[in-house]
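Chemist: Mind folding the following:
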Amino acid sequence: MYTRDTMLVDHSTDKLHNAIAYFVANTRFCGKTKLYKLLYFLDFEHYSETGRSVTSLEYFAWPMGPVPVSVHNQIDDCDSSLHELFEIKTRESASGYQIFEFVPEFEFDGSNFSRRELRILSQLATEYECAVADDMVEATHLENLPWDRTYNQLGLRQQSIPYKLALKPSEADEMNRLISENEDFGENYR
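Modeler: Presented below is the predicted three-dimensional model:
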């Protein structure tokens with residue numbers, strides 16, 4: 001039985017860390033750029049189906065595509081939780097770019113993911129298994145996807161990409177109603 005002081009448990013940070021572990025274990029060439037794009041696709045695909053993201057990350061419309069700035073900053077901050085959970089190796093490519101490699105210090109744990117979230121993780125890993133960073137940038141820049149709509153169509157460069165742009169116009173009204181109900185439900189248990 002729920003009481004008024006019962007709080008909803010937020011597993012988004014755990015899901016973020018496990019999603020990173022999943023993607024680096026199940027794809028090749030999963031450096032920083034590819035990882036950012038996989039997380040973006042995970043969150044925006046899940047949002048388009050349910051009205052909520054998996055990791056609760058906020059993505060920004062940078063020139064090379066969507067970037068979860070909080071993760072980007074954690075990679076630069078050697079004292080962050082990412083550095084406690086992942087060995088983050090860097091090396092320079094032949095063309096002078098810095099290449100990041102993430103090595104999890106833990107085993108993937110899918111227990112906090114829903115079946116839908118696990119399905120999307122698996123589909124993305126399969127679809128982009130051998131993609132390189134340039135392929136991922138190209139995939140996120142497709143016309144009318146949320147990054148394109150934010151960066152090119154709305155001109156909101158370096159700005160937050162609204163999750164609602166993941167919704168198809170024909171489904172937006174119904175999904176917005178469900179999102180509002182979900183937000184109201186969450187507010188009642190904080």
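Chemist: If Glu92 is in a bridge, with which residues?
Modeler: Legend: beta-bridge partners of Glu92 under DSSP bridges are Gln98.
Chemist: Can you tell me the closest non-neighbouring residue to Phe41?
Modeler: Distances taken as CB to CB, 6 or more residues apart in numbering place Leu124 nearest to Phe41, at 5.4 Å, with adjacent residues excluded. Every C-beta, even on glycine, is put in place using the N, C-alpha and C of the backbone.
Chemist: average pLDDT across whichever strand or helix holds that neighbour?
Modeler: Element membership of Leu124 [criterion: DSSP states H and E] is helix 115-127. The average pLDDT within helix 115-127 is 98.
Chemist: With stretch 174-190 instead?
Modeler: Per-residue pLDDT values across stretch 174-190 average out to 68.
Chemist: same thing with stretch 21-33?
Modeler: Across stretch 21-33, pLDDT averages out at 97.
Chemist: Quick one: distance of it to the chain centre.
Modeler: Distance of stretch 21-33 from the chain centroid (CA atoms, centre = their mean, to the nearest Å) equals 13 Å.
Chemist: can you give me the end-to-end distance of it?
Modeler: Between the start and the finish of stretch 21-33 there is a gap of 15 Å, counting by CA to CA, to the nearest Å.
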